[in-house]
Structures are given as structure tokens and as C-alpha cells.
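1. fold the following and give me the result.
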Amino acid sequence: ATKPEEIYLALIESVAFGTKTIVDLFEKGGIKISECFAGGGIAVKNKLLMQIFADVTGKEIKVTDCTQAGAVGSAIFAAAATGIYGDIKDTVKKLGRSCSTEYVPNYENTQKYSAAYERYKKFSELFAKEIKHYF
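-> Below is the predicted model of the structure:
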């Protein structure tokens, strides 16, 4: 009886929860994350996905309008390696793209997702234990 749009939403939320798990691990390791950046096709095309990512992670997400963000990033690092524009920060200032869209977490949604995320973590731990029996 589950509708296709409900399945689609559940898939988006599960990927967002996985992303939050990664963000949380970085922060637990002492790396402060105040905002996230996204680029490429899906980040530009899917506003619902990006808003849910912002809501679940509780982080502002900035999206570049560059459709080839990976290639541009590689070019930036290559240029930085040559030192032509100075260090990496200077190279990014010179060659980097600006962000065209920003997604700010909706506090009310973040609170709802926080409770769901706790359940997600518990189920993830249970599934991880179970899957070990197969390998």
C-alpha cells in the first residue's frame, strides 16, 4: 500500500541519514563542519533532496551552478600544485565557482529528523550485526 512518492522520500531520507552519519564521524574526530558544499547534476536539479540534506544534517548547504564540479576541482588542485596562483586558497579564489543556491536547515524539520535519525542509527547497528553472519 506504500505509494511511489513515499518510497522515493524514504530513499532520499536514508541517503541523508547516511550523510549525517559521515558528518557526525568527522565532528566526533574533531573536525568542525559548519557548512557543506554540493555540485553536479543532482545537487542542481533536485531541490527537495538538497533541502532534506540540510534539514537532516542541520548544516547549511551551498550548491554551485557548475555541472562539472569534479573536473573543476581537479583543475584547481592541478593549478595549485604548479603554484601559478599561489597556494590552494588563492587558487580557489581565482578559479573557483560561486554558489548559486543555498539551503538553510528548517529548525522544525531538523528536530523531527533528529528523532528519526536516532532510530536509523539503532536499526543500522542491528543490520550491521546481522550481515556479518553472511561474510
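
2. can we go C-alpha only for contacts and neighbour counts from here?
-> Fine.

3. contact partners of stretch 94-113?
-> Residues external to stretch 94-113 that are found in contact with it (C-alpha atoms under 8 Å, 6 or more residues apart in numbering): 50-51, 54-66, 72-73, 76, 85.

4. just those residues: which are in helices?
-> Counting by DSSP state H, the members of those that fall within helices are 50-51, 54-57, 72-73, 76.

5. in JSON lines: those, plus pLDDT, neighbour count and distance to E27.
-> Formatted as JSON lines, the entries for the ones in helices among the contacts of stretch 94-113 read as follows, by pLDDT from 0 to 100; neighbours: other C-alpha atoms under 10 Å; distance: C-alpha to C-alpha, whole Å:
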{"residue": "M50", "pLDDT": "96", "neighbour count": "26", "distance to E27": "21"}
{"residue": "Q51", "pLDDT": "98", "neighbour count": "20", "distance to E27": "21"}
{"residue": "A54", "pLDDT": "98", "neighbour count": "26", "distance to E27": "16"}
{"residue": "D55", "pLDDT": "98", "neighbour count": "26", "distance to E27": "17"}
{"residue": "V56", "pLDDT": "98", "neighbour count": "28", "distance to E27": "15"}
{"residue": "T57", "pLDDT": "97", "neighbour count": "26", "distance to E27": "12"}
{"residue": "V72", "pLDDT": "87", "neighbour count": "15", "distance to E27": "27"}
{"residue": "G73", "pLDDT": "87", "neighbour count": "15", "distance to E27": "24"}
{"residue": "I76", "pLDDT": "91", "neighbour count": "20", "distance to E27": "26"}
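
6. tabulate those (CSV), appending distance to V92.
-> As requested, the ones in helices among the contacts of stretch 94-113 are arranged in CSV below (distance: C-alpha to C-alpha, whole Å):
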residue, distance to V92
M50, 24
Q51, 26
A54, 24
D55, 28
V56, 28
T57, 25
V72, 10
G73, 9
I76, 7
